[in-house]
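[1] My questions concern the predicted model and sequence given below.
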Amino acid sequence: MNKYDAIVVGGGHNGLVCAAYLAKAGKKVLVVEKRHVLGGAAVSEELYPGFTFSVASYVVSLFRPHIIRELNLAEHGYEVIPMDCTFTPSLDGDPGLARWSDASLTRREVSRLSRKDAEVYGEFAIAMTAISKFTKEVIDHPAPDITSYHPRELKNLMRLGQAVKKLGPEMMHLNTKLLTMSAVDFLSMWFESERLLAPMSVSGIIGTFQGVRSPGTAYVLLHHYMGELDGAYRSWGFSKGGTGGISMACARAAESFGAEIRTEAGVAEIKMKNGRAVGVVLENGDEIEAKIVVSNADPNRTMLGMVGEDNLPDDYVTGLKRFKYRGSSGKVNLALDGLPDFACRPGFGGHLKGDITIAPSINYLERAYDDAKYGDFSKHPFIDCVIPTLTDPSLAPPGKHIMSCFVQYAPYHLKEGADTWPDRREEFGDTVVNTLAEYMPNLKSKILYRQVLTPWDIEKKFGLTEGNIFQGELSLEQLLFQRPVAGWSNYQTPIKDLWLCGSGTHPGGGIIGSGGELSAKTILRSGAV
Amino acid sequence: MPLPSPFFERTSKLCTSMSYKEWSGYYAVKSYETAYVPEYFAFRHSAGLLDVTPLFKYSVKGKDAASFLSRVMVKNINKLKVGRVSYLCWCDDDGKVIDDGTVMHISEEEFFVTSADPSFLWLKRYTRGYVVEINDVTDSICGLALQGPTSREILRKCTGYDIDQLKFFAVTEAVIDGFDVRISRTGYTGDLGYEIWTENKNALKLWDTIMDAGKDYDILPAGLDALDITRIEAGLILKGADYHNAAHVLIEDRKVSPYELGLGWTVNLDREPFNGQAALQLEKEKGSFWGTVGLDISWPELETIYAKYGLPPEVSGEAWRTSIPVYAEDDHYKQIGYATSGTWSPTLKKNIAIAILEKPYDVIGSQLQFEVTVEHTRHLVSAEVCKTQFFNPERKRSNPGLETVSA
């Protein structure tokens, strides 16, 4: 039998990146994906004839530039087109706030709200760039194990210490604040206008079950700021062909290095022998052996699902069970017959081409969270929309458009139970469309097709536990050497030869690729294959 | 998208080169015709008219306006008399330059401030405890710089105000064609010149009046390319080219102090507290690391290098703003600084640059080595350290009209 060096469970972007790195190192690699398409949550699918949707994740910023380089992803079709605008519409007669990459234009827009805010932007940007530069040191290396005296860990810690030192006192203090403050409090150190604070603070709650005033959300804000496109920090863009385009580029790269990829090959269990992982058993009963197994599935599904509690040490199981998933967001994907029109800023314009954020005030966002705290979806949710067809016409027929709406809050645990989500799915979808229609009165008449993904659907469709888009919340206690379980942050698991490579590992979620890259590099260095 | 300035209706028709750049959110003409040379010579031999609307402009009013500005600026504004203008800079707490600009004392309790960067926030931060009101008038007040030897004669025809009275770095309120203007004898060319400020609604009338009056004095609308040459000849530094706003840079090395920028003369240390005072005091005592100088780059050596390739010397007519290394020959060709902007000076017939050098290499008369690239090959040519002010004509500050009166 043809034995593999490594089997990667799950063809999400991290699994594919991991496979590509392992294959590039000369290993014989097989990727098995449950679905008929690759990409996991970074997937493009034709849900409605002629319309290609970024079904789940929908914009890109964090994907590490050195991975693009090392895997030749640009040659394999990786293409990201930067966004130019973030637009926050309003309902009270104000034309809404559009922030552009043209600094002077943004200054003019913001100075309508506050001249001080308009000018403090530059200082804020410098502070964030300084901190992002430091964060790069954190996310581009495995998390240091602070309990270990191994020279490698000490070296890693020292490298971090040096990076902290380089920040200088002012930025060191700021970094501490960033780790502990709420998104709103943190941003309020610079900005005063609520209309600006609200849309800026939402980056702090994406994918978490927290409100913009909850302590700790400032860090999540940074997680969304530290991305870079072509050397420019804090910029977001559209992947050509949808976010699946990135996954496909990773898949082609992996194949170019010799990796094999099988779809519709779901894994039922990790095959074990003498407490070691020796391969996988597919849902169709096929058994495939390999020297190691690397799982792109989240820690919960991999360890509790495919390995089983019985095979694991108790403290690890306890740690895993304490790891918070509690998905808080949903997705509504619309196929449109034409462009929607904003009542506050009518007609076509650049404001339609970027990020459209429904976040009129901080109280609005907090109330949206209140609904979720008590087990219901937000009556008036925070929504982040994009119309990618205005940037990438290949996604829909000419004149037709796609609107991709990220919605928060949609708590996995509804008060009547997560399993009541299917009964409330369309009601949730209506809430989202009704909210959007307040801003875009012609929206409903343009809808040709609607897909509603609740956290329950996200769990069922993508295998993300409790529908958490980051494979576990990005809160401070679940990061670095504690992701996913304290002491098990180095992509290893208590099962020998079973490794993790998904967003549930350091440094966490987003289309970032680091889990895949760092796990592969750790595996190769360990000599496991 | 940049905005058109209130003069755009006129300037856009004249700008046949279609050559614009973005200046603080406005369209600004680089050169009206493809060749900017006539515009440069207008500044030096007749008069050039430049739209300076994109400068940031603030009205600072109130009982404490003077003491407030003294708190923010490196210069003691309490001593600035009504009708006088001061060129200066302002610093952060570490004594590093944020921006440079002018403060005009309009009336007892009113000042007019111009700056290169948006400064509302910076000013507003220090108003606590002062009776002062700051208004950002950047988008409501427009400005024209009329610069050159014939600018006084042109203005004489435009206004009833006795322009001979207006001394160098003085400011006055006046009337042109029935509307109110503010005239300051200031500019960025280092020549005789004025800046005329008025409300946006008067813009086109102001433009037409000056252009009409200037016909007999060879007035020419001029753009930023011509201005850049004149400002380097005059040794006037430019934020964004020769230095950066200390609040907008990532690393300490990109910050400079007024002393290092050659603006030490604008600092009044011994007085009530002001931003950066302690740090500047310390730097004054201990000495600065950098010094800003002019470089006179050897033309004969450049000629020799070009001659090797069978070429006559070629220098770009346009001013440049790329950082160019400067080396010390007698210190093993160590890089001891860099030139930040430079130009061929058509008036001085010299190849000049503004450079920031480690001390003590900034001593006037020192011979250094300047990097040039000829036919894709790097070479070094000698450059002599000199004062930044290469060009400083008598007419810039003279008052012939007044002298006649007093005689």
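    Okay, I see it.
[2] From here on, just use CA atoms for contacts and neighbour counts.
    Noted.
[3] what's the pLDDT at residue A:137?
    What the model reports for residue A:137 is a pLDDT of 86.
[4] and it, what element?
    Assigning secondary structure by DSSP states H and E places residue A:137 in helix A:115-139.
[5] Does anything pack onto that helix? Which helices or strands?
    Counting contacts by 3 or more C-alpha pairs under 8 Å, 6 or more residues apart in numbering or on different chains; DSSP states H and E, helix A:115-139 packs against helix A:103-111, helix A:151-180, helix A:217-225, helix B:120-124.
[6] what about 7 Å?
    helix A:103-111, helix A:151-180, helix B:120-124 (3 or more C-alpha pairs under 7 Å, 6 or more residues apart in numbering or on different chains; DSSP states H and E).
[7] which strands and helices sit next to the last one?
    To tie it back to what came earlier, the one meant is helix B:120-124. helix A:115-139.
[8] Can you tell me what sits against the helix it packs on?
    With C-alpha atoms under 7 Å, 6 or more residues apart in numbering or on different chains as the contact definition, helix A:115-139 has outside contacts at A:107, A:110-111, A:160, A:163-164, A:171, A:175, A:190-192, A:226, A:233, A:507, B:118, B:120-121, B:247-250.
[9] Is the nearest residue to residue B:366 once chain neighbours are set aside in a helix, a strand, or coil?
    Leaving aside its chain neighbours, residue B:366 sits nearest to residue B:385 (5.3 Å; criterion: C-alpha to C-alpha, 6 or more residues apart in numbering or on different chains). Assigned with DSSP: H, G, I helix; E, B strand; the rest coil, residue B:385 falls in the strand class.
[10] Touching, residue B:385 and residue B:364? I think so.
    Yes. Contact criterion C-alpha atoms under 7 Å: residue B:385 and residue B:364 qualify, at 5.0 Å.
[11] Give me the more crowded residue out of the two.
    In this view residue B:385 and residue B:364 are compared by other C-alpha atoms under 10 Å in any protein chain shown, and residue B:385 has more residues nearby, 24 against 14.
[12] Just list the residues touching the more buried one, thanks.
    Contacts for residue B:385 (C-alpha under 7 Å, 6+ apart) come out as B:293, B:294, B:295, B:296, B:362, B:363, B:364, B:365, B:366, B:367.
[13] Save those residues as a markdown table, and put in pLDDT and secondary structure too.
    Shown next, in a markdown table, are the contacts of residue B:385 (pLDDT from 0 to 100; DSSP: H, G, I helix; E, B strand; the rest coil):
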| residue | pLDDT | secondary structure |
| --- | --- | --- |
| B:293 | 98 | strand |
| B:294 | 98 | strand |
| B:295 | 98 | strand |
| B:296 | 98 | strand |
| B:362 | 96 | coil |
| B:363 | 97 | coil |
| B:364 | 97 | coil |
| B:365 | 97 | coil |
| B:366 | 96 | coil |
| B:367 | 96 | strand |
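[14] Please report which of those residues has the highest neighbour count.
    Neighbour counts for those, by other C-alpha under 10 Å, peak at residue B:295, which reaches 32 neighbours.
[15] list the contacts for it?
    Counting by C-alpha under 7 Å, 6+ apart, residue B:295 touches B:352, B:353, B:354, B:355, B:383, B:384, B:385, B:386.
[16] Just the buried subset of the contacts of helix A:115-139, written out for PyMOL, thanks.
    Those of these that count as buried under 16 or more other C-alpha atoms under 10 Å in any protein chain shown are selected in PyMOL with:
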select buried, (chain A and resi 107+110+160+163+164+171+175+190+191+226+233+507) or (chain B and resi 118+120+247+248+249+250)
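[17] CA atoms only: put stretch B:198-211 into CSV for me.
    Below are the C-alpha coordinates for stretch B:198-211, written out as CSV (Å, rounded to 0.1, in the frame of the first residue of the first chain):
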residue,chain,number,x,y,z
THR,B,198,-9.6,87.0,0.7
GLU,B,199,-12.9,85.2,1.1
ASN,B,200,-13.6,82.6,-1.5
LYS,B,201,-16.4,84.5,-3.0
ASN,B,202,-14.0,87.2,-4.2
ALA,B,203,-11.6,84.8,-5.7
LEU,B,204,-12.2,85.3,-9.4
LYS,B,205,-12.4,89.1,-9.1
LEU,B,206,-9.1,89.0,-7.2
TRP,B,207,-7.5,86.9,-9.9
ASP,B,208,-8.8,89.1,-12.7
THR,B,209,-7.8,92.3,-11.1
ILE,B,210,-4.2,91.2,-10.5
MET,B,211,-3.9,89.6,-13.9
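[18] Now tell me what touches that stretch from outside.
    Under C-alpha under 7 Å, 6+ apart, the answer for stretch B:198-211 is B:6, B:7, B:140, B:141, B:142, B:143, B:154, B:158, B:180, B:181, B:182, B:219.
[19] where does the chain dip in pLDDT?
    Picked chain A for this. Applying pLDDT under 70 to chain A flags the ranges A:1-2, A:229, A:231.
[20] think we crossed wires, I meant chain B
    Flagging of chain B using pLDDT under 70 yields the residue ranges B:403-407.
[21] if you set the cut-off to 90 instead, what comes out?
    B:1, B:250-251, B:313-318, B:330, B:400-407 (pLDDT under 90).
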